[in-house]
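**Q** I'd like to go over a predicted model; first the sequence, then the structure.
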Amino acid sequence: MTRPFEVGLVVRDLELMERFYCDVIGCRAERRSRVPESVGGPAGLGGGLVVVWLRVPSGGCVKLILPRSVAGSAPVVPMPAGRPGLSYLTFHLDDMGPVVAALPAAGARPLSDPVVVRTRGRRISFWADPEGNAVELVDRRADSSGSGRSN
């Protein structure tokens, strides 16, 4: 491999999702590009689209992909391990506390109960982003005070 890992995430509302992943999760918008149908079709992407590359601070990239035609409403999110294929994006943080506090106002909803779980020297928390994609947050602050339980 020559570069950090990238993942593509098809979205319905590009601006909303860009704000969510940059302002709340901490990614940085790196570039934006329109992919014409003449490229997107033959490449297996279904036609014309817009792509925004978001750099994850530790390396890697989340590509937000807005197809020319976008399907209807957001689907109901099953629990991450309850479906085959790509299940969730994991973000490793120094301290998830400020991010967890900001998520509800940004349109995310918790998928874990309790919201923050302490286990094996870590805290983990699962959330659905504003469009229902599952996101896992992980930090190494299991000894910090706050909600959650040890496993």
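**A** Thanks, I have it.

**Q** Apart from its chain neighbours, what residue comes closest to P36?
**A** G48 (5.5 Å; C-beta to C-beta, 6 or more residues apart in numbering). (Each C-beta comes from the backbone N, C-alpha and C, glycine too.)

**Q** Which pLDDT does the model give that neighbour?
**A** On pLDDT, G48 comes in at 87.

**Q** residues touching it, list them.
**A** Taking C-beta atoms under 8 Å, 6 or more residues apart in numbering, we find G48 in contact with 34-37, 40, 67-68.

**Q** Nearest to P130, out of the residues you listed: which one, please.
**A** Closest approach to P130 among these (C-beta to C-beta): P67, at 17.5 Å.

**Q** So what sits opposite that closest one in the bridge?
**A** L49 (DSSP bridges).

**Q** List the residues that contact it.
**A** 10, 45-49.

**Q** Over to A128?
**A** 77, 108-109, 111, 134-135 are the contacts of A128 under C-beta under 8 Å, 6+ apart.

**Q** Any chance of a markdown table for those, columns distance to C27?
**A** Formatted as a markdown table, the contacts of A128 follow (distance: C-beta to C-beta, whole Å):
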| residue | distance to C27 |
| --- | --- |
| V77 | 20 |
| A108 | 14 |
| R109 | 20 |
| L111 | 20 |
| A134 | 17 |
| V135 | 11 |
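
**Q** Can you verify my assumption that F126 contacts D113?
**A** No: using C-beta atoms under 8 Å, F126 is not in contact with D113; the gap is 9.4 Å.
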